[in-house]
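[1] build me a model from this:
(one chain, ligands or ions: 1)
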Amino acid sequence: MLFFIDTANLDHIREAAELGILDGVTTNPSLMAKEGISGEKEILKHYRTICEIVGEGRDVSAEVISTDFNGMVAEGKKLAEVHENIVVKVPMIKDGVKAIAHFTEIGIRTNCTLVFSAGQAILAAKAGATYVSPFIGRIDDISWDGMQLIEDIYKIYDITGYETAILAASIRNPLHIVQAAKAGADVVTCPLSAILGLLNHPLTDIGLEKFLADYKKVNG
Ligand code: G3P
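    Residues are numbered from 1 along each chain as shown. Here you go, the predicted structure:
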């Protein structure tokens, strides 16, 4: 399973990259706004910087703002020109599906975002999306079972042979990461806090403390 970080924060991206486990980055307009990135020039520059930090072969999802086919295609082409790592993120709406199918035809990779049902995931795969992003946390937020959706999509893609990768998004905590792995997600995208949260176990801390204390007993 690949690990992407879900942020536009350069410090967090660097920290995850330095950990040696980072396979890519996802962003969205809210995450870009959180970092105060605005205006086309600055936005494209920020994406280029992210691509350079993570290095070759690590996908960076950059989302279009347009909601009509022509706008999405124009924006997506511009984003794809920024760096070969760029994957164009397109919302799951009618024109979005049309745009994904077009991008597939012309060889631009896509991430279909805002996916909340298995039916939407089928459409995304049918259009040739590179990634489909079911939003686990937001489904849990309304008391539905986000992880069940990952299981359903996994089963459907397995039966049908769709090659779209399941990118579990809106991951909020370490347990979500473990559950997504069990449910068959190809990728998880999560904040740095969730990735670092995987490190924690009290028995690790207690065990390390004891090992070091025992070493000191005989080595001074
Ligand atoms: O990748 C989509 C993700 O950023 C949404 O996460 O926590 O805003 O639901 P969240």
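[2] which residues of the protein fall in strands?
    Secondary structure of the chain by DSSP state E: the strands cover 2-6, 24-26, 59-63, 86-91, 110-115, 131-134, 165-168, 187-190.
[3] is it true that Ala118 touches Gln148?
    No - when contacts are counted by CB atoms under 8 Å, Ala118 is not listed as touching Gln148 (9.5 Å). C-beta: built from backbone N, CA, C; applies to glycine.
[4] Lys89 against Pro29, yeah?
    No - at 9.5 Å, Lys89 does not count as touching Pro29 under the criterion of CB under 8 Å.
[5] is stretch 70-89 positioned near the ligand?
    No - contact of stretch 70-89 with the ligand (CB under 6 Å from any ligand atom) is absent, the minimum separation being 8.6 Å.
[6] check what pLDDT Gly207 gets.
    pLDDT, Gly207: 98.
[7] err, Leu19, not the other one
    Taking Leu19 on its own, its pLDDT is 97.
[8] what's the burial count for the closest residue to it other than its chain neighbours?
    Excluding its sequence neighbours, the residue lying closest to Leu19 (CB to CB, 6 or more residues apart in numbering) is Ile195, at 7.5 Å. Neighbours of Ile195 under the rule other CB atoms under 10 Å: 23.
[9] shared neighbours of Lys89 and Pro29, which are they?
    Shared contacts of Lys89 and Pro29 (CB atoms under 8 Å, 6 or more residues apart in numbering): Glu63.
[10] looking at the two, which is more packed in?
    Lys89 (25 against 14).
[11] so what pairs up with the more buried one in the strands?
    Beta-bridge pairing for Lys89 (DSSP bridges): Glu63, Asn111.
[12] check contacts around it.
    In this structure, Lys89 makes contact with 26-28, 61-64, 110-113, 133, judged by CB under 8 Å, 6+ apart.
[13] now these in CSV, with pLDDT, distance to the ligand and neighbour count?
    Shown next, in CSV, are the contacts of Lys89 (pLDDT from 0 to 100; distance: CB to the nearest ligand atom, whole Å; neighbours: other CB atoms under 10 Å):
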residue, pLDDT, distance to the ligand, neighbour count
Thr26, 98, 5, 26
Thr27, 98, 8, 26
Asn28, 98, 5, 21
Ser61, 98, 8, 30
Ala62, 98, 12, 29
Glu63, 98, 9, 22
Val64, 98, 14, 22
Thr110, 98, 14, 28
Asn111, 99, 9, 30
Cys112, 99, 12, 29
Thr113, 98, 7, 25
Ser133, 98, 6, 28
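[14] can you name the residues bridging to the residue most central in space within the chain?
    What sits nearest the mean C-alpha location of the chain, by CA atoms, centre = their mean, is Thr189, with 3.5 Å. Beta-bridge pairing of Thr189 under DSSP bridges involves Phe4.
[15] state the pLDDT value of it.
    Looking at Thr189, its pLDDT is 98.
[16] who touches it in this structure?
    Thr189 touches 4-6, 24, 26, 133, 167-169, 171, counting by CB under 8 Å, 6+ apart.
[17] the ligand contacts on this structure?
    6, 26, 28, 133, 135, 137-138, 169-170, 172, 189.
[18] nearest to Lys78 among the contacts of Thr189?
    Minimum distance to Lys78 across the contacts of Thr189 is 18.6 Å, recorded for Thr26 (CB to CB).
[19] returning to that earlier point: next one: the residue nearest to the centre of the chain relative to Tyr162, how far apart?
    20 Å (CB to CB, to the nearest Å).
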